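A.B. asks: fold the following for me, if possible:
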Amino acid sequence: MNKESEFVKYKTDFLNEYFENLDVSSNEPDWNVMIFQSMQFKEFQDCKALLDMMDDGDYVRKYKFILESKFDEMVDWFLTKKLEIMTRPIHAYASDNRKVSLLELYLVVKREGGHRRVTENNLWAMVAKDMGFEYCDGDFMRLMYAMYLDVLVYYHKYKIIQTKVQEKEVTEVKETQMNVEDPRCSRSEGDKEAEHVASHIEKNKESNDVTGNETEHYAFYAGNDWQGMRKLYTRRMFDFNRAKAAVDDANRSVMIHSYKHNYV
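C.D. replies: Prediction:
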């Protein structure tokens, strides 16, 4: 065995022994659990942060027990502090004193497309069955959702849309500021075209002044806006001297080729 292979074997054995003896997982705290434990609800943005976590199914399944208690705490804060409703107890219970998991109710309805979709498709019986209740408890699940979750979910969707609108407004403000700093960026295509036409007219005027020819005119006035200037630019220039010369040539040709009748 050569020295290189001996070194590789030694390095591999050393690293394996090192990681086998390194017991980090047993002492390392779960930061997600610590985040849940420190989470408090003082404004709706805190509720939104928790609801945003529900988009990750694996995350919800892993921490479902902790999430369930925190979810009930969030619903309680929203009803009592935000809506000032004191008549809806947390936790919710069915008629047979079985606890209704608000987190599970939220997740099942969300999976089926939301409150409106479930109601329109008459899926509340299926929702009840998926939660471990009977089909006949579907109306009760719809009532629980309306009492505890409907307004909360509406607020959440509203905040999502509001955030997107605010981000769009910030982007537009930044673009406006950039355009103000650079006026060339704020000009429309029409303004640029009008500037091009005006430059062309100015060059023609300078050319006329140099040659002393002031007989060239545009046939019609087309307006003082950039659309009119475009029409003005696309029309052919009308030379009245050439037109007069052409008419005179035509008259002379007629006179030469015509004859006069002499009557006796």
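
A.B. asks: all strands of the stretch 51-200 of the chain, in order?
C.D. replies: 92-93, 99-100 (DSSP state E, counting those that start in this stretch).

A.B. asks: which one of the ones you listed lies closest to Val173?
C.D. replies: Nearest to Val173 among those is strand 92-93; the distance by CB to CB comes to 44.7 Å. Placement of C-beta: from N, CA and C, glycine included.

A.B. asks: just checking, what packs against that closest one?
C.D. replies: Helices and strands touching strand 92-93, by 3 or more CB pairs under 8 Å, 6 or more residues apart in numbering; DSSP states H and E, are strand 99-100, helix 138-148.

A.B. asks: including mean pLDDT, mean neighbour count and distance to Lys168, could these go into TSV?
C.D. replies: Conversion of the helices and strands packed on strand 92-93 to TSV gives the following (pLDDT from 0 to 100; neighbours: other CB atoms under 10 Å; distance: least, CB to CB, whole Å):
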stretch	mean pLDDT	mean neighbour count	distance to Lys168
strand 99-100	90	15	39
helix 138-148	93	18	32
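
A.B. asks: ok, back up a step: out of the strands of the stretch 51-200 of the chain, which is closest to Ile161?
C.D. replies: Comparing the strands of the stretch 51-200 of the chain by their distance to Ile161 (CB to CB), the top pick is strand 92-93, with 28.2 Å.

A.B. asks: strand partners (parallel or antiparallel) of that closest one?
C.D. replies: strand 99-100 (antiparallel) (DSSP bridges).

A.B. asks: if we can go back for a sec, now distance to Leu79 too, for the strands of the stretch 51-200 of the chain, in TSV please.
C.D. replies: Shown next, in TSV, are these (distance: least, CB to CB, whole Å):
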stretch	distance to Leu79
strand 92-93	11
strand 99-100	15
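
A.B. asks: of all these, which lies closest to Trp124?
C.D. replies: strand 99-100 (13.1 Å).

A.B. asks: contacts made by that closest one with the rest, please.
C.D. replies: Strand 99-100 has contacts (CB atoms under 8 Å, 6 or more residues apart in numbering) with His91, Ala92, Tyr93, Ala94, Met131, Met141, Met144.

A.B. asks: any chance of those residues in JSON lines, plus distance to Asn251?
C.D. replies: Below are these laid out as JSON lines (distance: CB to CB, whole Å):
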{"residue": "His91", "distance to Asn251": "108"}
{"residue": "Ala92", "distance to Asn251": "104"}
{"residue": "Tyr93", "distance to Asn251": "110"}
{"residue": "Ala94", "distance to Asn251": "108"}
{"residue": "Met131", "distance to Asn251": "102"}
{"residue": "Met141", "distance to Asn251": "100"}
{"residue": "Met144", "distance to Asn251": "101"}
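
A.B. asks: of the residues you listed - the most surrounded one?
C.D. replies: Met141 (24 neighbours; other CB atoms under 10 Å).

A.B. asks: if I look at the nearest residue to it once chain neighbours are set aside, how far off is Ser5?
C.D. replies: Excluding the flanking residues, the one nearest Met141 by CB to CB, 6 or more residues apart in numbering is Ala128, at 4.7 Å. Counting by CB to CB, to the nearest Å, the separation of Ala128 from Ser5 is 66 Å.

A.B. asks: okay, the two: which has more neighbours?
C.D. replies: Shown here are Ala128 and Ser5; by other CB under 10 Å, Ala128 has more neighbours (24 against 9).

A.B. asks: fine by me, we can end here.
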